[in-house]
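Q: I would like the atomic coordinates for the input below:
(2 chains)
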2 protein chains.
Amino acid sequence: MAGPRGEYRKSAQRREQIVEAAFAVFAKAGYTASSVSQIAREVGMTQTGVLHHFAGGKTALLKAVLERRDERAEQVLEGRRGTEFLAGLVEISREQADLRGAVQLYTILSAEATDPDHPAHEHFRDRVERIASAVANAYAEAGEDGALREGVDPRAAALSTLAMTEGLELLWLNGQDVDMAEGIRAHINTFLTEPVRPAPAARRTAAPTAR
Amino acid sequence: MAGPRGEYRKSAQRREQIVEAAFAVFAKAGYTASSVSQIAREVGMTQTGVLHHFAGGKTALLKAVLERRDERAEQVLEGRRGTEFLAGLVEISREQADLRGAVQLYTILSAEATDPDHPAHEHFRDRVERIASAVANAYAEAGEDGALREGVDPRAAALSTLAMTEGLELLWLNGQDVDMAEGIRAHINTFLTEPVRPAPAARRTAAPTAR
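A: As a prediction, the model looks like this:
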């Protein structure tokens, strides 16, 4: 018989499956046009079953999907400072090239969420501000370490770096042959005296002998 | 009695009203979640009435809305070459700051349209390529005129300029205090030996005495 611990594990797995399904449905239809019943169908559950795990409904599902994307970025950047942090942004971007669905979903959601009435509006505003602050902080640290070009304002450099990141993603999704990671690296390096190194190749594109 | 000419004018006015309504509805709900019946309600017509003017339905309405945005840009850029063309991009961006609804709609549509199944997918792919080519051409002309920095590739500079433009729009829509026109100008100037001048203030912000 499954004890409370087994029940807990089963519930966590269910939540995980639901978040995966929400991700797929949002990626296909955008947030606005998606419904909890579609997500339930995708995972073979009833709408009531999904709401048992996500009482907040579609908004709660959106939050879970968005948080998942940021977890990986936090993992890469944890404990880094200055130019090492900025190099981490290039590494994250390198990984994105293998995650078209995720990049597309995020791009659609962040565009929809520019509407002040959108349930994720605050989330995206706060997220942009949080990332801008963290990147500005990294540029400021680069300055302390003597790696920032004279006259560069850390906050302005951070916003410029974010804009370039989002913009390259959109061009890439729109079929342009751009190397996002290299584009971001080149842009970051315009602010630095000590250039950031290229990101290592992502797993999928690693040499076959590396297995 | 209204002759055929009067009828034609009336029909053109109706089309114009419908495109305005489509613009408003798409801007609010995104393309995917919008319906022709909503647009018809907005303009006080029946769905059949709207389809009489736009037989292609929602897709045809989307096309009309997208074309309208580009008409203004073409007007600004017509007959310009090299750095004058690039200065035009800064001027267009300056105008955008007064057109939040239009920028938001375009951002949502271009994000949704990254899905290959979206009816505007080809439109956006082609549009990005057309603009990238035109901007690359302007950088190449700047090169012929001796205004391009050594080693700058016109195509790479063009893609970078587009990415910065799209990215700054998204940051601005997400509540960041960025001056889009100045951001784009600064970015363009990193590629030039002869800096592009600031854009004149948009009409809305002109001095009251100018009326």
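
Q: make it CA atoms for all contacts and neighbour counts henceforth
A: Will do.

Q: quick one: contacts for A:A22?
A: A:39, A:61-62, A:65 (Cα atoms under 8 Å, 6 or more residues apart in numbering or on different chains).

Q: if you set the cut-off to 10 Å instead, what comes out?
A: Applying Cα atoms under 10 Å, 6 or more residues apart in numbering or on different chains to A:A22 gives the contacts A:16, A:28, A:31, A:34-36, A:38-40, A:42-43, A:58, A:61-62, A:64-65.

Q: Return only those of those residues found close to chain B.
A: Near chain B, judged by Cα under 10 Å from any Cα of the partner chain, the entries from these are A:28, A:31, A:34.

Q: what's around the first one, how many residues?
A: Number of residues near A:K28 (other Cα atoms under 10 Å in any protein chain shown) recorded here: 19.

Q: buried ones in the helix or strand harbouring it?
A: A:K28 belongs to helix A:4-29 when elements are defined using DSSP states H and E. Buried residues in helix A:4-29, defined by neighbour count with 16 or more other Cα atoms under 10 Å in any protein chain shown: A:14-15, A:18-29.

Q: I'd like to know the average pLDDT value across stretch A:144-157.
A: Regarding stretch A:144-157, the rounded mean pLDDT is 96.

Q: cool, and stretch A:195-203?
A: Throughout stretch A:195-203, pLDDT has a mean value of 77.

Q: can I get the CA coordinates of that stretch in PDB?
A: The C-alpha coordinates for stretch A:195-203 follow below in PDB (Å, rounded to 0.1, in the frame of the first residue of the first chain):
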ATOM      1  CA  PRO A 195      36.400  40.100 -23.300                       C
ATOM      2  CA  VAL A 196      34.100  37.300 -22.300                       C
ATOM      3  CA  ARG A 197      35.000  33.900 -23.800                       C
ATOM      4  CA  PRO A 198      32.700  32.000 -26.200                       C
ATOM      5  CA  ALA A 199      30.300  29.600 -24.500                       C
ATOM      6  CA  PRO A 200      31.100  25.900 -24.700                       C
ATOM      7  CA  ALA A 201      28.900  24.100 -27.300                       C
ATOM      8  CA  ALA A 202      25.600  22.900 -25.900                       C
ATOM      9  CA  ARG A 203      25.100  19.200 -25.200                       C
END
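
Q: Now look at it and say if it contacts chain B.
A: No. Counting by Cα under 10 Å from any Cα, chain B has no neighbours in stretch A:195-203; the shortest distance is 17.1 Å.

Q: all helices for chain A, in order.
A: Along chain A, the stretches classed as helices by DSSP state H are A:4-29, A:36-42, A:47-53, A:57-77, A:82-96, A:100-112, A:121-144, A:154-173, A:180-189.

Q: In terms of secondary structure, what does the second one contact?
A: Same thing as helix A:36-42. Other elements packing on helix A:36-42 under the criterion 3 or more Cα pairs under 10 Å, 6 or more residues apart in numbering or on different chains; DSSP states H and E are helix A:4-29, helix A:47-53, helix A:57-77.

Q: Quick check: which helices or strands does the second one pack against?
A: Other elements packing on helix A:47-53 under the criterion 3+ Cα pairs under 10 Å, 6+ apart are helix A:4-29, helix A:36-42, helix A:57-77.

Q: Give me the contacts around that helix.
A: Helix A:47-53 is contacted by residues A:11-12, A:14-15, A:18, A:35-41, A:43-44, A:46, A:54-55, A:57-58, A:60-61 when judged by Cα under 10 Å, 6+ apart.

Q: So which residue is dead centre in chain A?
A: When Cα atoms, centre = their mean is applied to chain A, the residue found nearest the centroid is A:R69 (4.1 Å).

Q: And the nearest residue to that one once chain neighbours are set aside, how far from chain B?
A: The shortest distance from A:R69 to any non-neighbouring residue, by Cα to Cα, 6 or more residues apart in numbering or on different chains, is to A:A102 (7.8 Å). Using Cα to the nearest Cα, to the nearest Å, we find A:A102 at a distance of 12 Å from chain B.

Q: could you list every residue that touches A:A102?
A: Listed by Cα under 10 Å, 6+ apart, the contact set of A:A102 reads A:23-24, A:27, A:65-66, A:69, A:96, A:108.
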